[in-house]
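Q: Below is the sequence, then the predicted model.
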Amino acid sequence: MAAKNTICLWYDGDAEAAARFYAETFPDSRVGAVHRAPGDYPDGKQGNVLTVEFTVAGIPCIGLNGGPMFKHSEAFSFQIATDNQAETDRLWKAIVGNGGQESQCGWCKDRWGLSWQITPRALIDAISDPDPAAAKRAFEAMMEMQKIDIAKIEAARRG
């Protein structure tokens with residue numbers, strides 16, 4: 001049975017490539033059905049890939065090859081919780097190293113312009129510390145980072 005709520009992501013003709021990259025990169029991800037256009041449409045021809053059903057880290061999505069008029073923005077992102085530095089590094093390298101772009105505070109963009117937050121659970125714990133001074137130190141350390149460095153976050157938390 002199809003999910004009641006599915007995230008629809010707009011692509012400029014390369015939804016299938018994006019879906020396959022996500023399925024190879026993130027656990028609990030896969031590519032499902034690939035639907036081809038039954039007729040010509042403004043930005044494509046009959047037989048072109050129109051939509052791709054896929055799952056990213058357990059979240060059902062559909063990629064729509066809608067054309068060049070709409071771009072992804074930071075107003076939408078996937079936040080991926082990581083358990084350790086090795087997982088954080090692997091996901092960051094996969095996204096940035098595949099034509100993506102680094103940003104600040106654990107954010108990066110993939111080559112399709114989709115934003116990702118690669119967020120270690122240790123960071124959330126640190127900035128949620130019941131000691132306001134420890135939480136502030138961890139937050140200030142994060143503000144200086146691109147990819148999150150768990151050791152530096154934990155050192156800042158300890159003071």
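A: Received, thanks.
Q: which helices and strands sit right next to the strand or helix carrying residue 60?
A: Residue 60 is part of strand 59-65, with elements assigned from DSSP states H and E. Applying 3 or more C-beta pairs under 8 Å, 6 or more residues apart in numbering; DSSP states H and E, one finds that strand 59-65 contacts strand 7-11, helix 15-25, strand 49-56. In short, each C-beta sits where N, CA and C put it, glycine included.
Q: For the first one, list every residue counted as buried.
A: Within strand 7-11, the residues that count as buried by 16 or more other C-beta atoms under 10 Å are 9, 10, 11.
Q: Now do the strand holding residue 60 against strand 7-11, angle only.
A: Counting by axes from the mean of the first three to the mean of the last three C-alpha atoms, to 10 degrees, strand 59-65 points 30 degrees away from the direction of strand 7-11.
Q: what about the residue nearest the centre of the chain, which SS state?
A: In the chain, the residue lying closest to the centroid (C-alpha atoms, centre = their mean) is residue 116, at 3.2 Å. Put simply, residue 116 is strand when judged by DSSP: H, G, I helix; E, B strand; the rest coil.
Q: Which parts of this protein are helices?
A: 15-25, 85-96, 121-127, 132-143, 150-158 (DSSP state H).
Q: quick one, which of those helices is packed in tightest?
A: Per-stretch averages of neighbours, counted by mean count of other C-beta atoms under 10 Å, single out helix 15-25 among those, with a mean of 20.
Q: mean confidence score for that one?
A: On average, the pLDDT along helix 15-25 is 98.
Q: and that helix with strand 7-11, angle?
A: Angle of helix 15-25 versus strand 7-11, following the same axes, to 10 degrees, is 120 degrees.
Q: for helix 15-25, packing partners?
A: strand 7-11, strand 30-36, strand 49-56, strand 59-65, helix 85-96.
Q: Now do that helix against strand 49-56, angle only.
A: 20 degrees.
Q: how about the residue lying closest to residue 100 once chain neighbours are set aside, phi and psi?
A: In space, and not counting its chain neighbours, residue 100 is closest to residue 110: 4.7 Å by C-beta to C-beta, 6 or more residues apart in numbering. Per-residue torsions, residue 110: phi -80, psi 180 (degrees, to the nearest 10).
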